[in-house]
Structures are given as structure tokens and as C-alpha cells.
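>>> With the input below, show me the fold.
(one chain, ligands or ions: 1)
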Amino acid sequence: MAWTCSGATNTALIDNMWKNGLITDARIKEAFLKVDRANYSPSMPYEDSPQPIGYDATISAPHMHASAIEHMLSYILPSSSSPAPRVLDVGSGSGYLTHVLAELVGERGLVVGVEHIEELRLLGEGNMSKSDEGRRLLESAKVRFRLGDGRKGWSEAPREGEEGWGTGWDVIHVGASAVEIHPQLLEQLKAPGCMFIPVDDDESGYNQHVWRIEKDGNGEITRKRLFGVRYVPLTDAPRRAW
Ligand code: SAH
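Purely as a prediction, here's the structure:
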């Protein structure tokens, strides 16, 4: 049903996701409207489908990004009773989701995109620099793109004034399919915290499912298999020169 969401403009694409119930929260809709997908997708930006971005990677379909945010919203949004949200986007690729997340975490929040291909790390950062809003977010240090193996998670110093809340993550989004729920990611998830991760969980190796992992305030973990997907694999960094 996702293709029915495609539109002629960014606004039409987001409106169609709203009408089709793929975005159900007005705050998510607002955030998507602030980010022009044309700055991130080199082809057919307003189609509700994945598009190649080079280096065997794709920008995921908009409905997948919407679904990831819908499933983790309460952990992404700031609340007066808890520290500013810290969000890790593993496999940031085009940088599109990294930017949309940054529109939701509030002024004091932090979003870090981790990529294992330097060219893609630069691509995400460069795509964000195309808009005034993206540049503002980068300059404020609310958004950072880092080079690393996302299977190991990432340790990022807190923003100024946010010291004392540790370096763990309230939210971990994984944008590539993992062979397992990597223990280091689980460890770095705060209590409470939430992770959205596609996993190659079928013996045949052909099927992947998204899992939502929630850690409650006592560190108790709940795992829920959500739905079947087709993602680029979460792998070792390629050896060949591009
Ligand atoms: N959310 C991105 C998805 C890009 S595709 C977007 O919508 O644009 C998945 C990305 O994961 C690719 O960019 C790939 O280079 C990256 N990736 C794969 N394995 C990785 C790893 N071990 N560590 C970090 N990034 C990885």
C-alpha cells in the first residue's frame, strides 16, 4: 500500500502518508514537513520507495522512516521530567532520518549518525548542509555524523550543559539488517530506552524482521518482532576503494 503515498512534492508525499495512516502523530508529520527529501534522495525523492545513494546503500522508503519514528516516539520526544533525548542512528546513509529525528528531540537533544563508509558519512553531513535548517542543526552540535562500526554502538560526549546524564542512548535506530541484536547496542541503551533494529532472523537467510527492543526503568528488556522487511546488511566496512 506504501506506493499510494507517493506525491509530486514533499508536502504531498507527507500528506499522503498521513492520509494513509502511516503517520498518525501530528508532531511526526510536522517534523517530516520540515525536511525536503529532495536534499537526500538523488532520484525520485517524492516516491514512497527506497532509492540508491551509492556504495551499495539506499535511502530507505519514507514509510519505513515514518514507521521507525512511530514505534519509538515517546522515547524520542523531550519530556520535562527526564534528561534531553540522545538518539543514535546507525547506518545514517543519506542523513535523511538523522535530520527528521533532530526535528523531534527538542532544543537540548542530541542525534548522532554513525556510518562505516567515510563517503557516506560525508554524504549525510553534506545533504544536511544543503538547507538553512540543516546547517543550523549541524552548527548547534545537535546533530553529528561519525565514522565507525555501528554494531559496536557509539560513545559520544554530552552536549554542553547536558553532562551528568551519561553517554548511553535513549533511542537506537538501526538502518541496516543485523545478524543479531548486538550486545554492545543493548548495553548502550539507557533504562528506559528503545531500539528499532532489522534482524536477519530467518534460517533461510532471506527474511528479515524489524524488532523493537524496550528497556524499562529497571533495565528489564522486552523484545517484540514487528514486521518483515528488506534492508541493506549491517556488515564489516568494505575493503575495496570506491
Ligand atoms: N537510514 C539510511 C539507511 C542507509 S542504508 C537512509 O535512509 O539513508 C544502510 C546504511 O548502513 C548504509 O549507508 C551502510 O553503509 C550502513 N552500514 C552498514 N553496515 C554498517 C556498520 N557496521 N556500521 C555503520 N554503518 C553501516
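>>> tell me which strands and helices the helix or strand containing Leu137 is in contact with?
Taking DSSP states H and E as the criterion, Leu137 maps to helix 132-139. Contact here means 3 or more C-beta pairs under 8 Å, 6 or more residues apart in numbering; DSSP states H and E; on that basis helix 132-139 packs against helix 96-102, helix 118-128. The way it works is simple: take the backbone N, C-alpha and C, and place the C-beta from them, glycine included.
>>> Any part of the helix or strand just after that helix near the ligand?
Downstream of helix 132-139, the first helix or strand assigned by DSSP H and E is strand 143-147. No - counting by C-beta under 6 Å from any ligand atom, the ligand has no neighbours in strand 143-147; the shortest distance is 8.6 Å.
>>> Now tell me what touches strand 143-147 from outside.
Outside strand 143-147, the residues that touch it by C-beta atoms under 8 Å, 6 or more residues apart in numbering are 92, 95, 98-99, 102, 110-116, 118, 121-122, 124-125, 128, 137-138, 154, 156.
>>> tell me the mean pLDDT for that strand?
Strand 143-147 comes out with an average pLDDT of 98.
>>> for stretch 190-208, same thing?
Stretch 190-208 shows a mean pLDDT of 89 in the predicted model.
>>> And it, what's buried?
For stretch 190-208, a neighbour-count test (16 or more other C-beta atoms under 10 Å) marks Lys190, Pro192, Gly193, Cys194, Met195, Phe196, Ile197, Pro198, Val199, Asp200, Asp201, Gln208 as buried.
>>> Contacts made by that stretch with the rest, please.
For stretch 190-208, contacts defined as C-beta under 8 Å, 6+ apart pick out 68, 71-72, 74-75, 86, 166, 168-174, 176-181, 185-186, 189, 209-219, 225, 228-231, 233.
>>> wait, what's in contact with the closest residue to Gly95 other than its chain neighbours?
Residue nearest to Gly95 in three dimensions, not counting chain neighbours: Gly124, with 2.9 Å by C-beta to C-beta, 6 or more residues apart in numbering. By C-beta under 8 Å, 6+ apart, the residues touching Gly124 are Ser92, Gly93, Ser94, Gly95, Thr98, Gly113, Glu115, Phe145.
>>> For Asp89, see how far away Gly124 is.
To Asp89, Gly124 is 9 Å away according to C-beta to C-beta, to the nearest Å.
>>> got it, and Phe145?
In terms of C-beta to C-beta, Phe145 sits 9 Å off from Asp89.
>>> higher neighbour count, these two?
For Phe145 versus Asp89, neighbours defined as other C-beta atoms under 10 Å are more numerous around Asp89 (31 against 23).
>>> Shouldn't that one be within a helix?
No - in this structure, Asp89 is strand, not part of a helix, as judged by DSSP: H, G, I helix; E, B strand; the rest coil.
>>> Who does it form a beta bridge with?
On the basis of DSSP bridges, Asp89 is bridged to Gly113, His173.
>>> surely it meets His173?
Yes - counting by C-beta atoms under 8 Å, Asp89 touches His173, with 5.0 Å between them.
>>> Check which element follows the top strand by length along the chain along the chain.
In the chain, taking DSSP state E as the definition, the longest strand is strand 189-199. Scanning forward in sequence from strand 189-199 by DSSP H and E, the next helix or strand is strand 208-215.
>>> I am finished for the moment; much appreciated.
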